[in-house]
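Novice: quick one: sequence and predicted model below, then my questions.
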Amino acid sequence: MKKAICLIIVLAMALFNGCKIPIEDISDETGLGSIDVNRENEDTDDKSVAVKNVTHTKAPEGGTNEDDDSENESKDDNEDSSADDNKSEVSDQYIYVTVYYKDGDNLLVPLTRRIKKEEGIAKAALNSMVKNEENSNEIKDLGLYTVLPEGTSILGMNIKDGTAIVDFNSNILNYEDSSAEKSIVAGVVYCLTEFSTIKGVRFLINGREQESLKYGTDISDVMSRENVLINSDKVNLAQKVKKVDIYRYKYLGDKNEYIIPFSIEYIGVEEEKLPAEIIRMLAVKPEEQSISTQIPEGTELIDSRINNSTIVLNFNKKIKSYGGGSAREMGILNQILYTMKQIRGIDRVKILIEGKEDTLPEGTDLSKEFVLPSHINKRDII
């Protein structure tokens with residue numbers, strides 16, 4: 001009888017423990033909070049398409065296209081706010097971010113790449129741009145070089161009201177010429193403003209504000225994409241002058257081709273006429289032989305308008321005047337999409353030809369809207 005009672009007690013305890021929920025074992029392993037998926041990957045009823053990646057050899061005037069995947073929000077390690085969704089996607093150990101390197105001609109090249117997931121992803125993105133053996137080895141086969149001097153470290157980063165206040169140690173000043181200075185400032189500003197919660201950057205060095213750097217770059221105020229020039233002969237935008245970034249191609253070596261931004265200053269262009277001016281500039285053949293455009297010569301924008309969050313671009317027929325296959329066609333679309341991405345309040349592009357929906361020579365259906373790309377020059381390096 002005693003044995004039977006003991007057996008019943010043992011079975012009851014086992015049953016009780018088997019139904020117990022181990023709350024202490026549940027945790028958020030990502031450290032990134034909730035993830036927002038980019039609209040490109042939603043099942044939507046509206047007609048839209050993301051230009052997808054194609055593998056190809058070099059086209060007659062360059063031209064690639066990048067993969068447009070998911071987007072997430074990622075937290076930065078600061079007291080006041082967080083840096084999120086650098087147009088990035090996550091895996092168990094890595095996250096995609098867009099950082100900036102330079103080529104042999106000191107042109108800044110945006111690169112969407114994987115870095116190890118960690119707290120303070122904006123800080124980690126900058127650290128991937130610092131010259132050291134690991135970073136340099138990761139990108140050497142891409143024909144690229146790090147932007148921040150060896151030994152540069154971030155002493156602190158605080159993000160508040162859209163401004164990232166970044167405190168660098170004095171090693172950030174260990175560069176030799178004005179070209180390196182321009183690359184450092186523009187590279188940092190453009191990298192950090194890839195994060196949607198960061199609109200501007202304030203530089204500190206060893207905890208102190210600086211009026212200017214060694215070669216005269218003014219860093220006394222908040223720096224943003226609205227007042228910083230990239231791949232230009234200077235960094236600071238002059239007063240009463242505006243700027244726009246247009247995207248062109250550069251081919252490096254035998255296998256690496258990149259689409260990169262070039263800042264152009266302008267004055268007196270009305271806002272509603274800016275898209276037409278952008279297309280005009282994209283269609284101009286660059287003077288530098290290593291830089292190319294895929295936009296056919298003579299391409300013009302007849303008119304444009306914004307419907308909700310979609311910009312409608314109405315081209316003349318010259319946009320169809322090209323050869324070179326699907327790579328050229330993807331190159332044309334990429335230049336348009338990346339350049340139009342800076343127009344405020346839009347997330348899609350609709351293309352018309354002389355007021356009508358059409359099809360491009362290689363079969364791209366223009367009846368659909370194109371989602372603005374979330375990645376650029378994507379490379380799966382670790």
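Specialist: Perfect, thanks for sending it.

Novice: in this structure, where is pLDDT below threshold?
Specialist: For the chain, applying pLDDT under 70 flags the ranges 1-47, 52-91.

Novice: which residues of the stretch 151-300 of the chain fall in strands?
Specialist: Listed in chain order, the strands of the stretch 151-300 of the chain (DSSP state E, counting those that start in this stretch) span 154-160, 163-168, 200-205, 208-209, 223-224, 242-252, 256-266, 291-292.

Novice: turn those strands into CSV, including distance to I319.
Specialist: Glycine gets a C-beta too; all of them are placed from N, C-alpha and C. Listed next are these as CSV, based on distance: least, C-beta to C-beta, whole Å:
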stretch, distance to I319
strand 154-160, 41
strand 163-168, 39
strand 200-205, 35
strand 208-209, 48
strand 223-224, 32
strand 242-252, 16
strand 256-266, 18
strand 291-292, 17
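
Novice: just give the nearest non-adjacent residue to S220, would you?
Specialist: E211 (4.8 Å; C-beta to C-beta, 6 or more residues apart in numbering).

Novice: surely that neighbour touches I205?
Specialist: No: assessed by C-beta atoms under 8 Å, E211 is found out of contact with I205, at 11.2 Å.

Novice: those two - which one has more neighbours?
Specialist: Neighbour totals were compared for E211 and I205, and I205 leads with 18 against 8 (other C-beta atoms under 10 Å).

Novice: so what's that one closest to, chain neighbours aside?
Specialist: Once flanking residues are discounted, I205 sits nearest to F168: 5.5 Å by C-beta to C-beta, 6+ apart.

Novice: tell me where the protein has helices.
Specialist: 2-18, 121-127, 133-139, 178-192, 274-282, 325-340 (DSSP state H).

Novice: of all those, which lies closest to R113?
Specialist: With C-beta to C-beta as the criterion, R113 lies closest to helix 133-139 of the helices of the chain, at 8.1 Å.

Novice: point to the residue nearest the middle of the protein.
Specialist: T98 (4.6 Å; C-alpha atoms, centre = their mean).

Novice: how close does it sit to K378?
Specialist: Here T98 is placed at a distance of 9 Å from K378 (C-beta to C-beta, to the nearest Å).

Novice: what's the overlap in contacts for these two?
Specialist: When C-beta atoms under 8 Å, 6 or more residues apart in numbering defines a contact, the residues bordering T98 and K378 alike are L111, T112, R113.

Novice: wait, which of those is closest to G363?
Specialist: T112 (26.6 Å).

Novice: give the bridge partners for that closest one, please.
Specialist: T98 (DSSP bridges).

Novice: how many neighbours does it have?
Specialist: For T112, using other C-beta under 10 Å, the count is 24.

Novice: good, we can wrap up now.
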